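**Q** Structure for this input, please:
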Amino acid sequence: MYQKLSQAIVLFFLSLTFVQAQPPESKSAYEKEYERRIKKEMINDIYIPKDLTDAFKELTRKMDKSAKTKFTVTPEDTIVKKTYFSLGRWIAVNWGFYEGSRLSHWLKTEVGVSHPEDQSIFIIRTFHRSLNKKPLDVKALAEELVKNRKKEILKNKKIIKKETRKVPKKE
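**A** Residues are numbered from 1 along each chain as shown. Model prediction:
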């Protein structure tokens, strides 16, 4: 069942066009482009949802009935793992999470989730919860994603030099 679910979702999202933008030449160019993009309703002829409710409507509109049913009946943790590299990538790329969009900006400023991969996971999890009529628990999910991202960053850091110093005693 999960293999068919993955295939259905992958085929659906592979049928859609992926558009990659070129990185900006400077920080100021990036900021200027970001400010322009977060105001746009459409980027590369793809509608960008304005918030979570709008994202759910757009996903529902794009997903065929059988894929939606399979998505809904699959357990949440499983659906995130199974769709991360298909639906999750489609969301991040087409809804402009890397370069900035009105949805990525909303997720960053209103929800507190700023990493594009975390934003995709956030959308998938909350969409699954919505379809199953479960509480979205937005705040707790956002906190968990941010906490996990910080752990991942710290795990990958390398200690260059470790020092131990003694504090001189006051006389």
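
**Q** Pro49 and Lys162, how far apart?
**A** 47 Å (CB to CB, to the nearest Å). From N, CA and C alone the C-beta is placed, and that goes for glycine too.

**Q** hmm, I was thinking of Gly112
**A** Gly112 is 33 Å from Lys162, by CB to CB.

**Q** Now do the buried residues in the lengthiest helix in the chain.
**A** When the chain is parsed with DSSP state H, its longest helix is helix 138-156. Under the neighbour-count criterion of 16 or more other CB atoms under 10 Å, helix 138-156 has 138, 141-142, 144-146 buried.

**Q** how about TSV for the residues you listed, with distance to Phe97 and pLDDT added?
**A** Shown next, in TSV, are the buried residues of helix 138-156 (distance: CB to CB, whole Å; pLDDT from 0 to 100):
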residue	distance to Phe97	pLDDT
Val138	17	97
Leu141	16	97
Ala142	15	97
Glu144	18	97
Leu145	13	97
Val146	15	96
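
**Q** which among the residues you listed gets closest to Ser86?
**A** Leu145 (19.4 Å; CB to CB).

**Q** right, and the closest one touches Ile121 too?
**A** Yes - between Leu145 and Ile121 there is a contact under CB atoms under 8 Å: 6.4 Å.

**Q** picking up where we left off before, more neighbours: Gly112 and Lys162, which one.
**A** Gly112 (15 against 5; other CB atoms under 10 Å).
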